[in-house]
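show me the folded form of this:
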Amino acid sequence: MVKFHPINRTMTVGTFTFFASLVVLAIGAAFHTDGTVLADSFLFGGFAFLISIVLLTVGAILGARSGKLQRRGDEIFRKNGK
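Modelled structure (predicted):
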C-alpha cells in the first residue's frame, strides 16, 4: 500500500473538507425557505470551510518549510535544470 507523506495527507484532507463545505452550503442555499436547514447548513458548512482553510494553510506551510513545495513546483513548471 502506498503511504502518503504528512504534507500530502494534510492537503488532501483540506481539499476534500473544502469541497464538502461547499456542498453543505449549496444544500443550505437550495432549502433557503426552511430556516432551520438554512441555519444548520451555514453553521456546519461555515465551520467546515474554516477547518479546510486552516488545514490547507498548515499543509502549505509544512510544504514550504520542507522544500517539497518548491521541488514540486519546479517539477510542474520544468525548472529543474534540464
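
what residues are up against Ala29?
Going by CB atoms under 8 Å, 6 or more residues apart in numbering, Ala29 touches Leu38, Ser41. Backbone N, C-alpha and C define where each C-beta goes, glycine included.

roughly how far does the nearest residue to Ala20 once chain neighbours are set aside sit from Gly14?
Taking CB to CB, 6 or more residues apart in numbering as the measure, Ala20 lies nearest to Ala48, with 5.8 Å between them; neighbours along the chain are not counted. Ala48 sits at a distance of 11 Å from Gly14 (criterion: CB to CB, to the nearest Å).

which residues are common contacts for these two?
Between them, Ala48 and Gly14 share no neighbouring residue, with contact defined by CB under 8 Å, 6+ apart.

in whichever helix in the chain runs longest, which residues are buried?
In the chain, ranked by residue count with DSSP state H as the criterion, the top helix is helix 35-66. Using 16 or more other CB atoms under 10 Å as the test for burial, helix 35-66 gives 38, 41-42, 44-45, 48-49, 51-52, 55-56, 59, 62-63.

and for stretch 8-20?
Neighbour-count burial for stretch 8-20, counted by 16+ other CB under 10 Å, picks out Thr10, Met11, Val13, Gly14, Thr17, Phe18, Ala20.

mind checking how far the helix or strand harbouring Leu69 is from the chain centre?
Under DSSP states H and E, the secondary-structure element containing Leu69 is helix 68-76. Taking CA atoms, centre = their mean, to the nearest Å, one finds the center of helix 68-76 at 19 Å from the center of the full chain.

which strands and helices lie in contact with that helix?
The elements that helix 68-76 packs onto, with contact taken as 3 or more CB pairs under 8 Å, 6 or more residues apart in numbering; DSSP states H and E, are helix 35-66.

if you set the cut-off to 7 Å instead, what comes out?
Contacting helix 68-76 under the criterion 3 or more CB pairs under 7 Å, 6 or more residues apart in numbering; DSSP states H and E is no other helix or strand.

that one: which residues count as buried?
Applying a neighbour-count criterion of 16+ other CB under 10 Å, the buried positions in helix 68-76 are Leu69.

any regions of this protein where pLDDT drops low?
Judged by pLDDT under 70, the chain has its weakly predicted residues at 1-4, 79-82.
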